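S.K.: here is a sequence with its predicted model. Questions after.
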Amino acid sequence: MNWKLPNQLTLARIVLAAAFFVVLSLYSQGKNWSPWLLNAALVLYVVAGITDVLDGYLARKMNVVSAFGRIADPLVDKVLVVGAFAMLAGGNFDEVEELASPFEHGLPHWLTGGMVSAVQGWMVVAIIAREFVISAVRGYIESCGTKFPAGPAGKVKMFVQSLAISVVLFQLANLPQASWAILVKIAMVWLAVVATILSGLAYVAKASKVLISHEPRA
């Protein structure tokens with residue numbers, strides 16, 4: 001095992017992800033310590049994102065390539081993002097009417113699904129389905145001997161998803177009653193879902209061209 005700095009950062013991100021999920025699971029609406037928990041979760045998530053950027057940069061600069069890095073780095077990214085959305089759609093983020101903002105409570109139900117995080121169950125399903133489909137397509141194409149790296153759409157999707165998660169945590173912790181912050185939160189969550197679906201469609205369209213080119217001619 002090559003335990004140079006890039007792999008150490010990847011390992012640190014695994015620890016940060018575990019801590020992030022533990023902190024989010026402890027959140028409970030209306031408790032005095034809940035804003036502190038959400039801010040702590042936000043810090044953990046941001047630091048994990050910084051380590052992701054750093055380990056990629058250092059791996060290229062130091063020319064450090066390892067099986068651990070190739071497998072663990074993208075896996076941790078997916079677990080962190082998908083896991084964050086799944087937890088934000090959990091029962092501890094169900095809207096409690098007596099604690100909810102009157103403005104947010106009055107919004108159409110389809111916008112938030114009755115979740116203070118604005119993350120609904122079907123959104124998590126869409127995000128997970130996208131990852132399964134892309135992983136399956138990439139695995140098949142690369143098993144045929146063709147490299148199929150992530151494109152710009154995937155990187156934009158990852159950025160928008162991470163920004164949405166950060167906005168949700170910040171708004172719930174620091175601006176729970178601010179109407180404008182609630183609208184920004186909802187807009188970012190929906191934008192993340194749209195970016196996820198569009199990037200998946202773009203990836204499948206690109207993959208279909210590669211698959212067609214590999215089809216045996218009659």
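M.R.: The structure has been received and is ready for your questions.
S.K.: quick check: buried residues in the worst-scoring helix or strand of the chain on mean pLDDT?
M.R.: The helix or strand of the chain with the lowest confidence, counting by mean pLDDT, DSSP states H and E, is helix 67-88 at a mean of 84. Across helix 67-88, burial judged by 16 or more other Cβ atoms under 10 Å covers 69, 72-73, 76-77, 79-88. For every residue, glycine as well, the C-beta is placed using N, CA and C.
S.K.: what is the nearest of these to residue 38?
M.R.: Nearest to residue 38, judged by Cβ to Cβ, of the buried residues of helix 67-88 is residue 88 at 10.5 Å.
S.K.: contacts for the least confident helix or strand of the chain next, please.
M.R.: For helix 67-88, the external contacting residues (Cβ atoms under 8 Å, 6 or more residues apart in numbering) are 1-2, 6-7, 10-11, 13-14, 17, 20-21, 24-25, 45, 48, 52, 55-56, 59, 93, 115, 117, 119, 123-124, 127-128, 131, 158, 161-162, 165, 168.
S.K.: go again using 7 Å as the cut-off
M.R.: Residues from elsewhere that reach helix 67-88, judged by Cβ atoms under 7 Å, 6 or more residues apart in numbering: 1, 6-7, 10, 13-14, 17, 21, 24-25, 45, 48, 52, 55, 59, 117, 119, 123-124, 127-128, 131, 158, 161-162, 165, 168.
S.K.: kindly write the PyMOL command that selects the buried subset of these.
M.R.: The buried residues among the contacts of helix 67-88 can be selected in PyMOL (16+ other Cβ under 10 Å) with this line:
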select buried, resi 6+7+10+13+14+17+21+24+45+48+52+55+59+117+119+123+124+127+158+161+162+165+168
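S.K.: from the contacts of helix 67-88, which land in helices?
M.R.: Per DSSP state H, helices hold the following members of those: 6-7, 10, 13-14, 17, 21, 24-25, 45, 48, 52, 55, 59, 123-124, 127-128, 131, 158, 161-162, 165, 168.
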